[in-house]
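J.: sequence unknown, structure follows:
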């Protein structure tokens, strides 16, 4: 009787890399919240707005890298994580566009979308980080 070894759906190294990317993306999103809080009611807020904008670009790149890695490396092990990581990237891009409409286009009406969407993105990154950690424990 012959037995065949089954290949794991994902390797521990890939899960670790995904967890690191998810953590870095979450950190960038968290720093976004900090910088946003620094310019909400200050008269000299332009440097904080610039920092917020630059960190938004970093967050988008990290979300893109995390999304691509999820599609390539963990889609079989956790399709839900993969899709939600892609959703995170899309929301982060949308959020950045809205931020530019507010700051560069001076369309303050988008603030009512930008702030609640920030909470959704923040919650999603926290959930993804938690789930990535749980996946690491299973593999």
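T.: All right, it came through fine. Because the structure is a prediction, the values reported are computed rather than measured. Numbering: from 1, shown residues only.
J.: ok, residue 88 - contacts?
T.: Neighbouring residues of residue 88 by Cβ atoms under 8 Å, 6 or more residues apart in numbering: 25, 63, 66, 67, 121, 124, 125, 128. Glycine gets a C-beta too; all of them are placed from N, C-alpha and C.
J.: then residue 85?
T.: Residue 85 neighbours (Cβ under 8 Å, 6+ apart): 22, 63, 66, 67, 70, 71, 128.
J.: please, where are all the strands along this protein?
T.: Along the chain, no segments are classed as strands by DSSP state E.
J.: all helices for the chain, in order.
T.: With DSSP state H as the criterion, the chain has helices at 12-39, 46-69, 79-103, 111-138.
J.: could you list the low-pLDDT ranges of the protein?
T.: By pLDDT under 70, the weakly predicted segments of the chain are 1-7, 41-42.
J.: report how many residues lie close to the closest residue to residue 92 other than its chain neighbours.
T.: Distances taken as Cβ to Cβ, 6 or more residues apart in numbering place residue 63 nearest to residue 92, at 4.4 Å, with adjacent residues excluded. Counted with other Cβ atoms under 10 Å, residues neighbouring residue 63 total 30.
J.: same check on residue 13?
T.: As a measure of burial, residue 13 has 10 neighbours, counting by other Cβ under 10 Å.
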